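Engineer: I'd like to go over a predicted model; first the sequence, then the structure.
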Amino acid sequence: MKFQEFLPALPLQPYVHHYAILEDDRSDLTGITDRTPPNLSTGLLFYYRLESPVIITNGVYDAALPQSFLMPHCVQSQHWLYHKPLGVFGIMFKPGKLRYFFPYPLLEYQDKAVPILDFGDKGMQELEERILEAKTTAERIQAANNYLLNRLRRIDRPTDLIDWTLSQLFANPGKHINHLPLEVKISERHFRRLFEREMGVNPKAWQKLARFTQAMNLMQSPRFRSLTNVAHSCGYYDQNHFIEEFKFFIRLTPGEFLRQIPAITELTAWRGEVVDRREFER
């Protein structure tokens, strides 16, 4: 299995974390299985090579994936099953930035793969055609850059309350998200409705997911020193709180996760710094 990451065009970098290629040349009649934990990743995925169905199960969605789809927030673990080689191209957005390009009611789509055709967006359908017909990675990247740059020219949204909230939580993971509305003098109810509309998940659930994702990424990074240090860095009250939330998301303790990191998770782990054309294999 091989994973590659690519930087988007410079004007897109405040919004798009990276473009990704994941390829697996294995075949197995009994099925190839994997598991991915919940994460903050949102984006558009295109299977340009799909020789057999890829089936995911997460308690909400249990079906074969569409060939091309929007992937909103996943707050459930995903179980994967496929039998033949595949190749997928992903446009992966930074936390909170998908909403600038696709102003859809994301809360309705949580943990679901939404076929691009369902949106009735001609531009998205043309992008799908170009990416699936492309012969090279460079052609797929060019198609993505052209499409997103065109949409970017139509974006007229200043930094808003949601961007401010996310910056506060990343700077101080231990800060309680319910305290933030008081700082900007709006009601907690209004804040919750705004957050759900823009992010597709309620504020408390997003904070729990963000803490978990940050912890999981630290555990897979060269900066990892100890689980105690991870718990402290990610704003958990204590070690027990860390273990309980980790088990809630992936049904493993942090120690168990370290001993059996799934292949896809190891390859696609969130890396703060994207290195153009960097490759990982497993």
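Structural biologist: Yep, it's here.

Engineer: Tell me the spacing between the residue lying farthest from the centre of the chain and residue 177.
Structural biologist: Using Cα atoms, centre = their mean, the residue of the chain lying farthest from its centre is residue 185. It sits 30.8 Å away. According to Cβ to Cβ, to the nearest Å, residue 185 and residue 177 sit 16 Å apart. All C-beta spots, glycine's among them, are computed from the backbone N, C-alpha and C.

Engineer: residue ranges of the helices in the stretch 1-150 of the chain, please?
Structural biologist: 98-101, 122-133, 137-152 (DSSP state H, counting those that start in this stretch).

Engineer: Most tightly packed of those?
Structural biologist: helix 98-101 (a mean of 21; mean count of other Cβ atoms under 10 Å).

Engineer: and it, what does it pack onto?
Structural biologist: On a contact count with 3 or more Cβ pairs under 8 Å, 6 or more residues apart in numbering; DSSP states H and E, helix 98-101 meets helix 137-152.

Engineer: And the average pLDDT for the helix it packs on is what?
Structural biologist: For helix 137-152, mean pLDDT rounds to 96.

Engineer: Could you pull out the buried residues of the next helix or strand after it?
Structural biologist: Under the assignment DSSP states H and E, the closest C-terminal helix or strand after helix 137-152 is helix 161-171. Buried residues in helix 161-171, defined by neighbour count with 16 or more other Cβ atoms under 10 Å: 161, 162, 163, 165, 166, 169.

Engineer: try stretch 182-200
Structural biologist: If you call a residue buried by 16+ other Cβ under 10 Å, then stretch 182-200 has these buried ones: 191, 192, 194, 195, 196, 198, 199, 200.

Engineer: again, but for stretch 33-48
Structural biologist: Quick answer for stretch 33-48 (16+ other Cβ under 10 Å): 34-48.

Engineer: Please narrow the buried residues of stretch 182-200 to those residing in helices.
Structural biologist: Residues of the buried residues of stretch 182-200 located in helices (DSSP state H): 191, 192, 194, 195, 196, 198, 199.

Engineer: Name the nearest of those residues relative to residue 206.
Structural biologist: Proximity of these to residue 206 (Cβ to Cβ) peaks at residue 199, which lies at 6.0 Å.

Engineer: Tell me the spacing between the closest one and residue 115.
Structural biologist: To residue 115, residue 199 is 22 Å away according to Cβ to Cβ.

Engineer: Check residue 205 too.
Structural biologist: In terms of Cβ to Cβ, residue 205 sits 25 Å off from residue 115.

Engineer: go on, residue 104?
Structural biologist: Applying Cβ to Cβ, the value for residue 104 to residue 115 is 13 Å.

Engineer: Can you give the domain ranges for the chain?
Structural biologist: Under the assignment automatic domain parsing, the domains of the chain span 2-156+263-281, 161-259.

Engineer: and those domains, which one's lowest on average pLDDT?
Structural biologist: Looking at these, the weakest mean confidence is domain 161-259, a mean of 86.

Engineer: how long is that domain from one end to the other?
Structural biologist: Terminal residues of domain 161-259 lie 39 Å apart, using Cα to Cα, to the nearest Å.
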